[in-house]
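1. show me the folded form of this:
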Amino acid sequence: MLLPEKVSTLRVAGFKNKAPQFNFICSKNVLSIDSDKTDEAKLQDAVKNAANKLLTFEASLLEYTSYEDTSAIFGHYVLYWEISVNHATLIPPSVFEE
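-> Predicted coordinates for the structure are as follows:
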């Protein structure tokens, strides 16, 4: 299949009359955990940068774990954080969404 000036990821969904039938997965410039692997070092850097934002709220990241959720076409990383808070400082949800 030729797709001029466009790189697409397709998945074979089955066959009809011995011809493959495709499902469209993604195109160039669309991130997908299945096609754009993030190595552990990049993930750790992202967590470190995000954890630094907790310092403003007198909180720190003690531990974290992650996994790749590929239950949908466009997968994503799910992170679980164990946070230590020194005071009753409220951390706005927007800090975790960035």
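
2. hey, what's the residue nearest the centre of the chain bridged with?
-> The geometric centre of the chain, computed from its C-alpha atoms, lies nearest to H76 (Cα atoms, centre = their mean), at 3.1 Å. Using DSSP bridges, the bridge partners assigned to H76 are D69.

3. okay, it: pLDDT?
-> The pLDDT attached to H76 in the predicted structure is 76.

4. from what I see, it and L43 are in contact.
-> No: checked against Cβ atoms under 8 Å, the pair H76 and L43 is beyond contact range at 11.9 Å. From N, CA and C alone the C-beta is placed, and that goes for glycine too.

5. show me where the chain has strands.
-> When assigned using DSSP state E, the strands of the chain occupy the ranges 8-16, 19-27, 59-69, 76-85.

6. I91 is nearest to which of those strands?
-> strand 59-69 (6.1 Å; Cβ to Cβ).

7. what's the burial count for Y77?
-> 13 (other Cβ atoms under 10 Å).

8. setting aside sequence-adjacent positions, which residue approaches it most closely?
-> In this structure, Y77 finds its nearest non-sequential neighbour in S66, 5.3 Å apart by Cβ to Cβ, 6 or more residues apart in numbering.

9. could you list the low-pLDDT ranges of this protein?
-> 1-8, 25-39, 73 (pLDDT under 70).

10. which strands and helices sit next to the lengthiest helix in the chain?
-> When the chain is parsed with DSSP state H, its longest helix is helix 40-52. Contact analysis of helix 40-52 by 3 or more Cβ pairs under 8 Å, 6 or more residues apart in numbering; DSSP states H and E lists strand 59-69 as its packing neighbours.
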